[in-house]
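**Q** Need coordinates for the below:
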Amino acid sequence: CLATLIIMLVGDTYTLINYVSFINYLCYGVTIIGLIVLRWKKPKIFRPIKVNLLIPITYLAFWAFLLIFSLYSEPVVCGVGLIIILTGVPVFFLGVYWRNKPKCVNRLIESVTCWGQKLCFVVYPQGGIMEEE
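**A** Numbering: from 1, shown residues only. As a prediction, the model looks like this:
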């Protein structure tokens, strides 16, 4: 979010739409790849909707063409899009991967989460510190 706000202040809306479009297409393709991998590795799990594998494979072919064309035609935009995605890596390590955090860090993360939930009207804030898994 911080990187997006900085880009909005520095650049124009058209540029931000280009960055986000590349990120969206990348995420869609990775999701479809995940669908195919799950269908191959766990064919017996319950699926409320099951489609023929020809549909996601066809989608991936078009997806790969669009992604390669985007990388070829606008490498800077795609690079900035990848940098925007990579700004989430430190957040992942701080919030998810690091299990034995000090209590002050846990309180900070919980207060930021609560503040964000209230600001966006997303979820009612939880009382107390979140439970450890």
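**Q** okay, CA-based contacts and neighbour counts for the rest of this
**A** Fine.
**Q** can you give me the helices in the protein?
**A** Secondary structure of the chain by DSSP state H: the helices cover 2-10, 13-41, 54-73, 75-86, 88-92, 103-120.
**Q** in the second one, what's buried?
**A** For helix 13-41, a neighbour-count test (16 or more other Cα atoms under 10 Å) marks 16, 18-20, 22-23, 26, 29, 32, 36 as buried.
**Q** Distance to Arg47 and mean pLDDT added to the helices of the chain, as CSV?
**A** Formatted as CSV, the helices of the chain follow (distance: least, Cα to Cα, whole Å; pLDDT from 0 to 100):
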stretch, distance to Arg47, mean pLDDT
helix 2-10, 36, 68
helix 13-41, 10, 86
helix 54-73, 15, 90
helix 75-86, 30, 86
helix 88-92, 29, 88
helix 103-120, 31, 87
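**Q** among these, which is nearest Pro48?
**A** Nearest to Pro48 among the helices of the chain is helix 13-41; the distance by Cα to Cα comes to 13.0 Å.
**Q** and that closest one, what other elements does it pack with?
**A** helix 2-10, helix 54-73, helix 75-86 (3 or more Cα pairs under 8 Å, 6 or more residues apart in numbering; DSSP states H and E).
**Q** That helix versus helix 54-73: what angle between them?
**A** 140 degrees (axes from the mean of the first three to the mean of the last three Cα atoms, to 10 degrees).
**Q** Please compute how far helix 13-41 lies from its chain's middle.
**A** Computed by Cα atoms, centre = their mean, to the nearest Å, the chain-centroid distance of helix 13-41 equals 9 Å.
**Q** before we move on, what about stretch 53-60?
**A** Chain-centre distance of stretch 53-60: 22 Å, with Cα atoms, centre = their mean.
**Q** who's in contact with that stretch?
**A** Outside stretch 53-60, the residues within contact range by Cα atoms under 8 Å, 6 or more residues apart in numbering are 29, 32-33, 36.
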